[in-house]
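1. No letters, just coordinates:
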């Protein structure tokens, strides 16, 4: 039996919840191989480790992360059109 067949057989024996965890793990591994600078990032503190795990799960679930411009636009929209570059006198 090849590795693929063995993996599929093992997969079928898992509960739905565990299958979801395996799927998320595979997606994280896949995203790590596609990113070059991020693959070198190693979180150092407990908070950064937790945030990194949340980020990786979000990416694995298909969530599209925002770039800097998109973040600025979202913040402006939430502030009623005000951007951080405006100076209040």
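-> Structure received. All of these numbers come straight from a predicted model, not from anything done at the bench. Residues are numbered from 1 along each chain as shown.

2. Quick check, pLDDT for residue 14.
-> Here, the pLDDT recorded for residue 14 equals 91.

3. from what I can see it touches residue 22, true?
-> Yes. Residue 14 is within contact range of residue 22, at 6.8 Å (criterion: Cβ atoms under 8 Å). Where C-beta positions appear, they are placed from N, C-alpha and C, glycine not excepted.

4. So, low pLDDT: which residues of the chain?
-> Applying pLDDT under 70 to the chain flags residues 32-39, 82-89.

5. biggest helix in it, by residue count?
-> Longest helix in the chain by number of residues (criterion: DSSP state H): helix 16-34.

6. Identify each buried residue in that one, please.
-> Within helix 16-34, the residues that count as buried by 16 or more other Cβ atoms under 10 Å are 27, 28.

7. Give me the distance between stretch 17-35 and the centre of its chain.
-> Chain-centre distance of stretch 17-35: 10 Å, with Cα atoms, centre = their mean, to the nearest Å.

8. Let me fix that, I meant to ask about stretch 9-21.
-> That offset, for stretch 9-21, works out to 21 Å (Cα atoms, centre = their mean).

9. Excluding chain neighbours, give the residue nearest to residue 30 in space.
-> Nearest non-adjacent residue to residue 30, counting by Cβ to Cβ, 6 or more residues apart in numbering: residue 60, 7.8 Å away.

10. Touching, that neighbour and residue 27? I think so.
-> Yes. Between residue 60 and residue 27 there is a contact under Cβ under 8 Å: 3.2 Å.

11. Helices along this structure, start to end?
-> Using DSSP H, helices in the chain cover 3-13, 16-34, 46-60, 68-78.

12. Which one, of those helices, ends up nearest to residue 40?
-> helix 16-34 (10.3 Å; Cβ to Cβ).

13. between that closest one and helix 3-13, how big is the angle?
-> Per axes from the mean of the first three to the mean of the last three Cα atoms, to 10 degrees, the angle that helix 16-34 makes with helix 3-13 is 140 degrees.

14. now for helix 16-34, which elements pack on it?
-> Helix 16-34 makes packing contacts with helix 46-60 when contacts are defined by 3 or more Cβ pairs under 8 Å, 6 or more residues apart in numbering; DSSP states H and E.
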